[in-house]
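Participant: What shape does this take:
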Amino acid sequence: MDRLRSRVLYLESYRNLRLLPALEPPQRALVEALRDIGSVLIEGFVPPQKLAVLRREFEEALHALAFETPCLAQTRVDRVRHADLIESQMYGSNGVLAARGVTFSREEARSYEQVVSDFRPSTLTAYMLERSAAYREVWLDPRMLAIVGHYMGMVPKLSEAYVRRNFPAPFLTMNHYWHRDLNTPFHLLKGFLFLTDCDLTTGPHEFILRSHRDFETLNGKRYFSDEEVDRQVPPGHAR
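Facilitator: Predicted coordinates:
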């Protein structure tokens, strides 16, 4: 039934599948791996020269204060008054969080350094799609779109694209914790590009392999604790 509803809702995307370029063998292998384990790693996708441009332009955006506000201010979170927010990993819209008094506004931001010092944001988010040709080229790269399109069986639509700078923070937030993405009931594929080197101590992206097909383990809610995940998929597990 869901597949039928999807065909109706995204009729044009399915109809345009013929417009996608044919896959080369390495791309086809990536599509098959996505279907099997739900995640693939593409080495060397962005050349060093382009990566340097992405870093520079994002840095310029941050210093121009071109990031999303209201933004969560960890310095304004009170362990007693905001216990429910802490328990729910700060889940809520920007408007809800602002009403609870745990954000800072555009008017309060005077400089990048002042924002980091005064508010200790866990994340600063910049929307670079309209701001940067370099980011557009990466996000809309034909090689990537071919992989996504053939995996989904339809011409994909870019629904969100942004860049985040994450900081160490005393309170876990909803996007920095074990969770299931529920952006859409039908089709969802996310890509992550780290602009700086990342290891096990500096916040790597973690994904439980084959969880895109597993509707029994760790299902039924959106957020999970480390203990819940470790009971089902212990550290060092092949998934």
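Participant: Not counting sequence-adjacent ones, nearest residue to L23?
Facilitator: H150 (5.7 Å; C-beta to C-beta, 6 or more residues apart in numbering). From N, CA and C alone the C-beta is placed, and that goes for glycine too.
Participant: Please give me every residue in contact with the one you found.
Facilitator: L20, L23, Q27, R28, V31 (C-beta atoms under 8 Å, 6 or more residues apart in numbering).
Participant: Surely it is in a strand?
Facilitator: No - using DSSP: H, G, I helix; E, B strand; the rest coil, the assignment for H150 is helix, not a strand.
Participant: so how far is P156 from it?
Facilitator: 10 Å (C-beta to C-beta, to the nearest Å).
Participant: Between these two, which contacts overlap?
Facilitator: Joint contacts of H150 and P156 (C-beta under 8 Å, 6+ apart) do not exist.
Participant: So what's the gap between whichever helix in the chain runs longest and the chain middle?
Facilitator: The longest helix of the chain (DSSP state H) is helix 48-63. Centre-to-centre, helix 48-63 and its host chain are 18 Å apart (C-alpha atoms, centre = their mean, to the nearest Å).
Participant: what about the residue nearest to Y177 when sequence neighbours are not counted, how many residues close to it?
Facilitator: With C-beta to C-beta, 6+ apart as the criterion, Y177 has its nearest non-adjacent residue at 5.0 Å, and that residue is Q89. For Q89, the neighbour count with other C-beta atoms under 10 Å is 19.
Participant: Am I right that Q89 is in a helix?
Facilitator: No - assigned with three-state DSSP, Q89 falls outside any helix and is coil.
Participant: contacts for the very next helix or strand once past the longest helix of the chain?
Facilitator: As assigned by DSSP states H and E, the chain's next helix or strand after helix 48-63 is strand 71-72. Residues from elsewhere that reach strand 71-72 (C-beta under 8 Å, 6+ apart): 90, 94, 97, 102-104, 119, 121-125, 173.
Participant: How is the nearest residue to Y14 once chain neighbours are set aside assigned, secondary-structure-wise?
Facilitator: Closest residue to Y14 apart from its sequence neighbours, by C-beta to C-beta, 6+ apart: M154 at 4.8 Å. With three-state DSSP as the basis, M154 sits in coil.
Participant: Could I get the pLDDT score of M154?
Facilitator: Note for M154: predicted pLDDT of 92.
Participant: related to what we said a few turns ago, I figured the residue nearest to Y177 hits A169, correct?
Facilitator: No - with contact defined as C-beta atoms under 8 Å, Q89 does not count as touching A169 (11.3 Å).
Participant: got any residues that touch both of the two?
Facilitator: Joint contacts of Q89 and A169 (C-beta under 8 Å, 6+ apart) are H176.
Participant: Just the mean pLDDT for stretch 30-44, thanks.
Facilitator: 93.
Participant: What residues sit buried inside that stretch?
Facilitator: Buried residues in stretch 30-44, counting neighbours by 16 or more other C-beta atoms under 10 Å, are found at L30, V31, L34, I37, G38, S39.
Participant: Keep only those of those that are in helices.
Facilitator: Among those, the members falling in helices are L30, V31, L34, I37 (criterion: DSSP H).
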